[in-house]
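Q: from the sequence below, what's the structure:
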Amino acid sequence: HKKIIYAAAGDVTKAHRAGAAFLDTLFLKKLKQRADIVLVSQGGAPKDLNLYQTQKALDNSKHAVREGGTIILIGSCKEGLGEKTFEEWMTKSESPEAMIERIGHDFQLGGHKAAAIAMVLQKADIILVSDLPDEFVRRIYLKPAHSAQEAFDEVMKKYGTEATVIAMPYGGSTLPRPIG
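A: This is a model prediction of the structure:
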């Protein structure tokens, strides 16, 4: 509700750790195992108006999906990619691997989010449910779907009825942490 609920002061490192520990009580979700399928969104407008913002949910969901799994990223993205440098990296890179390689020697804000998406692609498939045209979604190395149900039905065929599934409706604020 946009009200201060916790404050920490003193030694900067100790204060930061105290603040992080408090946030963990609100947003950390311990997982017994990573899932085959993770459905994730930023939680709707205005947090999902473009892929630059929607990527925040993807970044957290990577901790919930197993190696070789699938993330279904749900976000309107009706305003497109949302940031000039991010758009250039996403649309002009030869491959996801090229984005990862580039960030190592040419760090740029905006480019860092493109590289973050590319790093998730090394681990899992990403299906994007958005208002973006299918061909454009494919061009930025993601798989398009027209609805969360369509995407879910598709991946259930791949993994079968025993598939493990995690839903993260507020992915930008949910911090999954596998235990054990």
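Q: residue nearest the centroid of the chain?
A: Nearest to the mean C-alpha position of the chain, by Cα atoms, centre = their mean, lies residue 58 at 0.4 Å.
Q: right, and it touches residue 39 too?
A: No: the pair residue 58 / residue 39 is not scored as a contact, 11.7 Å apart, by Cβ atoms under 8 Å. To be clear about C-beta, it is placed using only N, CA and C from the backbone, and glycine gets the same treatment.
Q: any weak-confidence spans in the protein?
A: 180 (pLDDT under 70).
Q: longest helix of it?
A: helix 12-27 (DSSP state H).
Q: distance from the chain centre to the helix or strand following that helix, please.
A: Next in sequence after helix 12-27, counting helices and strands by DSSP states H and E, comes strand 28-31. Strand 28-31 has its C-alpha centroid displaced from the chain centroid by 16 Å (Cα atoms, centre = their mean, to the nearest Å).
Q: each with direction, which strands does strand 28-31 pair with?
A: Note on strand 28-31: by DSSP bridges, its sheet partners are strand 175-178 (parallel).
Q: which other residues reach the strand it pairs with?
A: 23-24, 27-34, 60-61, 63-64, 166, 168 (Cβ atoms under 8 Å, 6 or more residues apart in numbering).
Q: 6 Å instead, please
A: Residues from elsewhere that reach strand 175-178 (Cβ atoms under 6 Å, 6 or more residues apart in numbering): 27-31, 34, 63-64.
Q: what of stretch 92-107?
A: By Cβ under 6 Å, 6+ apart, stretch 92-107 touches 89, 111, 114-115, 118, 121, 141.
Q: now do the helices in the chain.
A: Assigned helices in the chain, in chain order: 12-27, 51-61, 84-92, 96-103, 111-121, 134-139, 148-159 (criterion: DSSP H).
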